[in-house]
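**Student:** A predicted structure for the sequence below; I have some questions about it.
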Amino acid sequence: MKLLLAEDDTILADALTSNLKASGFDVEVAANGAVAEYLLLRHDFDIGVLDLGLPLVDGLTVLKKVRATKPGLPMMVLTALDGMEQRVAGLNAGADDYLTKPFDFPELEARIRALLRRAHGNTGTAAVQQTGLLRFDREARRASIDRTPIELSPREWTLLDLLLTQRDRVVTKEQIAQGWTPDPNEQNLGSIEVYIHRLRRKLEGSMVSIRTVRGLGYLLETEP
Amino acid sequence: MPLSRWTRRLPLGALRRMPGLTPGTRSLHRHLLLWLLLPQLVLWLAAASFTYQLADRYANQAIDASLSTASRALARQVKPSGSGLLIDFPRAAQDIIEADPDDRVYYMVSTPPGEFILGNSQMPQPPAITEPRLGQPYLYDGILRDPASGDRRRDVTVRVAALYLAYGEPGKPQRMLVQVARSRTSREELARQILIDTALPLSLLIVLMSVIVWGGIRGGLAPLARLRSVVESRATNDLAPIRLEAAPEEVRSLALALNTLLAEVRENVNTQKRFISDAAHQMRTPLAGLKSQTELALSSAAVCADPELQARLQRVHESATRSAHLVSQLLALARAEPEAAMAQSRTRFDLQRLAREVAAEQVPRAIAAGIDLGSDDTELTETQLPVLGNLMLIREALVNLVDNAIRYAGRGASVTVSAHAEGSDAVVTVEDTGFGVPEVDHERIFQRFARATHEGNGCGLGLAIVKEIVERSRGSVSLKSVQPHGLRVTVRLPLSTTTRA
């Protein structure tokens, strides 16, 4: 995976480069906007990570030019500015995601991977997802735990799909009901618990569990 | 001293405390009233006294004229007969002279020097004149004694007309003196009557004038009072220009002067805020570098082999995280400040939905911190809590509340977020079963940089931000201890009553 990192702060650039390399990225660093623009336009990168406050040519300008030429290239923006206006300006200029400094590296990595997934799969989720011992193949519509296939009803499938997509995040009952049917009149929140209960039993031994978040919904997590 | 202290104290509170502007001792209202009414009173007294003098003079003239007439009339009754005088004084004439029974009239006819003929012999003598004019009455004041009692108290002050007449043969001219006197009582009575007749309307006039002046001053000073109430009713950190509609020139210029001062202060505050915000932005990149470098170092093999080094690096990382949090919070505070907040748009949104969204977002952090974060609202309630405000700011406030609870409640505690309507308010509560905050600290921890505990890596701005944002959105925030232990934070925002489009 080729990644361009445009960051003028050498200490931050150095640390990010090391971290990204450790995570398996092929990293190229641009110390100013002009170099970043040149590299992004002339070379093939899988993703660009751009600081907005770059010398020579500022990040927003670089972003607009890259967007005009390469609309499909995922662009991640890093910035010290986090006001609403700047955020909107960044997204309007074509950023796919936005991260405010300072950040934790794992978060940056997760966001970058999410962007790459979206750029390649276009569905927003990988076709085959491996979580714990659970293998979830969306294309073949098959799920298995440690190579043992499990049978899922259509509702259970949709529910697990949603929980896996939103892994480590809360999925509300409304979202679950909406996943089943878009018609609000047919949505039955009472039956959700039944399906969660069934799914939990089917996921036993997969190192994946569904946590009930009191009054808010459910959250899928991997057991340590 | 942080910016916060500074902006909080400025500037109207300070303005009110300025030594030259101590209120009360000298009221402009009283001052004007004194200077308008006191001269008026003096003038009134002068006018009354002048009127009295004038009245006295005219009363004198009137009485003098009647006395002269009476003296002539009496003289006509005296007819010379030979060398003597014949007095034909009919009852009718006497009636005319003594017309007023209350008003004693005295008369005397004599032939000077000293021969008394008729009337009251005690009549005061005219001033000594060697060659008196004839046929022309002399008028003078005198005292008529009561001969019978000799009591001085019964003396009567009188006005006398003395008329000298000549009679007798041409060769042997003789003089006759006719005196008619009238007590001064009637004259004083007349003067008093005139005085009352003029002074009474004058008094009424002055009372009326006083009322009008008082009302005029009140009305005239009303814009000043309005200005005062406008200034007094302001929040101490409200630096917007003062608006006064339909104010007179003088008050407008005063308001203008105040506005100039406010603009200067505002400019200063804005410069300060820009500085804070710029500084915070500038600090973020190096902090990001610091964090990334320590993360990198922490994952290196050499560090993993040395537990002491690892612990130290861990503390560096925590410190960097804490500084980063402080910087974010300072920026949040700068954004919540009135000028910044005013520039942000207000929208209508469902507070319950927002509260659930915020709570759901924070669940992974809560799980990591060993806290059971949840909501006790019944799911998918149809009741919405529409409020009007800046979504980003109110979200920031709610995030701070939940974040605070997660930070300080302690591992094993549960945090419950709920939202409901209460009267005309939308209420969000964040309740935890943590250690709680002593009641005495409840007020204090809303202040900036005030912290209830030294645990955790908070910076003491969370609740200050919440308070700033909530009050900016015309709401309120309060704390309450819950039993057996824990804390409940309640945020109230007015429900938006406008009907949906």
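**Tutor:** Okay, I see it.
**Student:** residue ranges with poor pLDDT in chain A?
**Tutor:** Scanning chain A for pLDDT under 70 picks out the ranges A:82-88, A:121-127, A:187.
**Student:** Let me fix that, I meant to ask about the stretch 301-450 of chain B.
**Tutor:** Residue ranges of the stretch 301-450 of chain B with pLDDT under 70: B:337-344, B:378-383.
**Student:** can you rerun that using 80?
**Tutor:** B:301-304, B:328-346, B:377-383, B:392, B:440, B:442-445, B:447-450 (pLDDT under 80).
**Student:** Closest residue of it to chain A?
**Tutor:** Closest contact between the stretch 301-450 of chain B and chain A, by C-beta to the nearest C-beta, is at residue B:374 (2.5 Å). Placement of C-beta: from N, CA and C, glycine included.
**Student:** Where does that residue sit: helix, strand or coil?
**Tutor:** When classified by DSSP: H, G, I helix; E, B strand; the rest coil, residue B:374 comes out as strand.
**Student:** which one's the longest helix in chain A?
**Tutor:** helix A:105-121 (DSSP state H).
**Student:** which of the residues in the next helix or strand along the chain from that helix are buried?
**Tutor:** Using DSSP states H and E, the helix or strand that directly follows helix A:105-121 along the chain is strand A:128-131. For strand A:128-131, a neighbour-count test (16 or more other C-beta atoms under 10 Å in any protein chain shown) marks A:129, A:131 as buried.
**Student:** Disregarding flanking residues, what is the spatial nearest neighbour of the residue of the stretch 301-450 of chain B closest to chain A?
**Tutor:** residue A:214 (2.5 Å; C-beta to C-beta, 6 or more residues apart in numbering or on different chains).
**Student:** and the longest helix of chain A, what does it pack onto?
**Tutor:** helix A:10-22, strand A:47-51, strand A:75-79, strand A:97-100, helix B:249-298 (3 or more C-beta pairs under 8 Å, 6 or more residues apart in numbering or on different chains; DSSP states H and E).
**Student:** mind listing what the residue nearest to residue B:374 touches?
**Tutor:** B:372-376, B:414, B:416 (C-beta atoms under 8 Å, 6 or more residues apart in numbering or on different chains).
**Student:** rerun that using 10 Å as the cut-off
**Tutor:** B:359, B:363, B:372-376, B:414-417 (C-beta atoms under 10 Å, 6 or more residues apart in numbering or on different chains).
**Student:** Tell me where chain B has helices.
**Tutor:** Going by DSSP H, chain B shows helices at B:3-9, B:12-17, B:28-77, B:91-97, B:184-232, B:249-298, B:301-305, B:307-336, B:338-343, B:351-368, B:391-409, B:462-472.
**Student:** Would you reformat those helices as JSON lines and include mean neighbour count?
**Tutor:** Listed next are the helices of chain B as JSON lines, based on neighbours: other C-beta atoms under 10 Å in any protein chain shown:
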{"stretch": "helix B:3-9", "mean neighbour count": "15"}
{"stretch": "helix B:12-17", "mean neighbour count": "14"}
{"stretch": "helix B:28-77", "mean neighbour count": "15"}
{"stretch": "helix B:91-97", "mean neighbour count": "12"}
{"stretch": "helix B:184-232", "mean neighbour count": "14"}
{"stretch": "helix B:249-298", "mean neighbour count": "17"}
{"stretch": "helix B:301-305", "mean neighbour count": "11"}
{"stretch": "helix B:307-336", "mean neighbour count": "17"}
{"stretch": "helix B:338-343", "mean neighbour count": "14"}
{"stretch": "helix B:351-368", "mean neighbour count": "20"}
{"stretch": "helix B:391-409", "mean neighbour count": "23"}
{"stretch": "helix B:462-472", "mean neighbour count": "23"}
